[in-house]
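In: Quick check, what structure comes out for this input:
(2 chains)
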Amino acid sequence: DAGVIQSPRHEVTEMGQEVTLRCKPISGHNSLFWYRQTMMRGLELLIYFNNNVPIDDSGMPEDRFSAKMPNASFSTLKIQPSEPRDSAVYFCASSLRGTGANVLTFGAGSRLTVL
Amino acid sequence: GQSLEQPSEVTAVEGAIVQINCTYQTSGFYGLSWYQQHDGGAPTFLSYNALDGLEETGRFSSFLSRSDSYGYLLLQELQMKDSASYFCAVRDQALGGQNFVFGPGTRLSVLP
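Out: Below is the predicted model:
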């Protein structure tokens, strides 16, 4: 099992540019989460999908952020336009609904720097 | 809403025992999790308590008291590799029980 796979691992971009982060959850997992981690705010839940359907995006900071899950094996988090305050580590995590729902498996994260 | 409190830092020596406390407030509680995160790494799952009492997994144990809205992670026979940040996380009823809210984290430093 390759675990949760995220790309890119590092992204440096300039303010105003579009950023797309990608995630491949563990095969068979049907819940997917996007978290953001900063020193100031810690780990924040941005959005959660269940069976590819967004359940709650109330954690998404503003309209500049959007997330999609077109199929069970792929999700994207897009920021357009990016701003310096978006600099953070973005984690994708997946879990298996039911007996596995208590365990989140995180990807290695995508470290975003917006200049 | 939900809120969790943890000490920001704990320091201990190799071979010692350390306890990291977590208090929480939530509207609908399912359980309390603990995650470990090394610098530059991803959070990794350590334990989950849904019921009161102590759960033991090797050198690590986790305790929950639902009536006190309190839990702790106990690390025994500390090793240098245990130096990391430790997060408690509440699983609550929002999002159909899929909402995991993380505490601010406790940075554990293990000294030789």
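In: Which pLDDT value belongs to the residue located most distally from the centre of chain B?
Out: Using CA atoms, centre = their mean, the residue of chain B lying farthest from its centre is B:P112. It sits 23.2 Å away. At B:P112, the model reports a pLDDT of 94.
In: now the residue lying closest to it once chain neighbours are set aside: how far from chain A?
Out: Counting by CB to CB, 6 or more residues apart in numbering or on different chains, B:E14 is the residue found nearest to B:P112 once chain neighbours are left out, at 5.8 Å. Placement of C-beta: from N, CA and C, glycine included. Distance, B:E14 to chain A, by CB to the nearest CB, to the nearest Å: 27 Å.
In: likewise B:A12?
Out: 23 Å.
In: buried sites along stretch B:16-27?
Out: Across stretch B:16-27, burial judged by 16 or more other CB atoms under 10 Å in any protein chain shown covers B:V18, B:I20, B:C22, B:T23, B:Y24, B:T26.
In: Mind checking which of the residues you listed are in strands?
Out: B:V18, B:I20, B:C22, B:T23, B:Y24 (DSSP state E).
In: Can you tell me the number of residues neighbouring the residue nearest to B:V101 when sequence neighbours are not counted?
Out: Nearest residue to B:V101, sequence neighbours excluded (CB to CB, 6+ apart): B:Q2, at 4.4 Å. Using other CB atoms under 10 Å in any protein chain shown, B:Q2 has 18 other residues around it.
In: give the contact list for B:Q2.
Out: B:Y24, B:Q25, B:T26, B:S27, B:V90, B:D92, B:A94, B:N99, B:V101 (CB atoms under 8 Å, 6 or more residues apart in numbering or on different chains).
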